[in-house]
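# I'd like to go over a predicted model; first the sequence, then the structure.
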Amino acid sequence: MNDTHGPPEGDASSRDDTPSRTSGSRPRPALPAARRDRREQTRTALLGAAERLWAEHGIHGASLDDIAAAAGLTKGAVYSNFAGKTDLLLALMDRFTRDRAGMGVLDEIQAAAADEFLEAGGPSRRTHPCPDAQEHARRVALLLVEFWLYGMRDYAAGWRIADWYAERRAQLARDLTETDGVPVADRATLALAMEIGLPFQQLLDPERVPARIYTVRRDLLFGPP
């Protein structure tokens, strides 16, 4: 079955489990708590598998069959929770944003990849960066590339992914002011370009793109502390 198509017409997995009201019928009862928990566990397992496989093999390099197998589930479990690959990708992007709770991509990768980085109270040195944190930072960067590539190749998904970027620009704009006649929206766009582009360079070439660049970036955007 092609990844871009949902389950066969009439398949029970295509039905939404959320309560609904139809003309002349009673509202569908809410799911029992145990079933909701199982459904949430299934979605979490699928999203985790998608994050791992898509970071390592690319969105087009890992099928829904691969994701289901990596999660210990069947492909039917994918389609009972997501309409298809694009729907799964958008759900992953939503989780990607929620899990960071306002933390920027640069902040996360900076903390994991740099020997010297900025904390709330000032510069702090890491003698031995955590390998797990470094691997997570690498996965974040790879996923961002994959999200962008998928949006460039899929017109419908591209609009949704563009909305995701717009939300991040709006978050950045809240901490910025107009400077030298440059509107806040324009400064936020430049800030996002650095937030994403700088870690891509630093993760590939930490020797020639040193950790101090993170502090330079902060001073340019927000002014010295």
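That came through fine.

# and the nearest residue to Thr74 once chain neighbours are set aside, which helix or strand is it part of?
Ranked by Cβ to Cβ, 6 or more residues apart in numbering and with sequence neighbours excluded, the top spatial neighbour of Thr74 is Ala68, at 5.7 Å. All C-beta spots, glycine's among them, are computed from the backbone N, C-alpha and C. Taking DSSP states H and E as the criterion, Ala68 maps to helix 64-70.

# who does that helix touch, helix- and strand-wise?
Applying 3 or more Cβ pairs under 8 Å, 6 or more residues apart in numbering; DSSP states H and E, one finds that helix 64-70 contacts helix 33-57, helix 75-79, helix 85-100.

# check those helices for me and report the most buried one.
Neighbour counts (mean count of other Cβ atoms under 10 Å) averaged over each of the helices and strands packed on helix 64-70 peak at helix 75-79, with a mean of 20.

# return it as PDB; C-alpha atoms alone will do.
The C-alpha trace of helix 75-79 is given here as PDB (Å, rounded to 0.1, in the frame of the first residue of the first chain):
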ATOM      1  CA  LYS A  75       0.500  -0.500   9.500                       C
ATOM      2  CA  GLY A  76      -3.200  -0.600  10.400                       C
ATOM      3  CA  ALA A  77      -2.300   1.000  13.700                       C
ATOM      4  CA  VAL A  78      -0.700   3.900  11.700                       C
ATOM      5  CA  TYR A  79      -3.900   4.500   9.700                       C
END
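
# quick check: mean pLDDT of that helix?
Helix 75-79 shows a mean pLDDT of 94.

# other SSEs contacting that helix?
Looks like helix 75-79 contacts helix 33-57, helix 64-70 (3+ Cβ pairs under 8 Å, 6+ apart).

# ok, which of the ones you listed comes nearest Arg187?
Arg187 sits nearest to helix 33-57 of all the helices and strands packed on helix 75-79, at 30.2 Å, using Cβ to Cβ.

# who does the closest one touch, helix- and strand-wise?
helix 64-70, helix 75-79, helix 85-100, helix 131-153.

# the last one vs helix 85-100, what angle?
Meaning helix 131-153. Comparing the axes of helix 131-153 and helix 85-100 via axes from the mean of the first three to the mean of the last three Cα atoms, to 10 degrees yields an angle of 140 degrees.

# who touches the helix or strand just after helix 131-153?
Using DSSP H and E, the helix or strand that follows helix 131-153 in sequence is helix 155-173. The contact list for helix 155-173 (Cβ atoms under 8 Å, 6 or more residues apart in numbering) reads 86, 89-90, 93, 97, 102, 104, 147-148, 150-152, 184-185, 187-189, 191-192, 195.

# what's the weakest-modelled helix or strand in this protein?
strand 116-119 (a mean of 40; mean pLDDT, DSSP states H and E).

# and Leu88, what does it touch?
Shown in contact with Leu88 (Cβ under 8 Å, 6+ apart): 46-47, 50, 64, 67, 78, 82.

# if we use 6 Å, what do you get?
Going by Cβ atoms under 6 Å, 6 or more residues apart in numbering, Leu88 touches 50, 82.

# and of the helices and strands packed on helix 64-70, who's closest to Arg218?
For Arg218, the closest of these is helix 85-100, at 17.7 Å, according to Cβ to Cβ.
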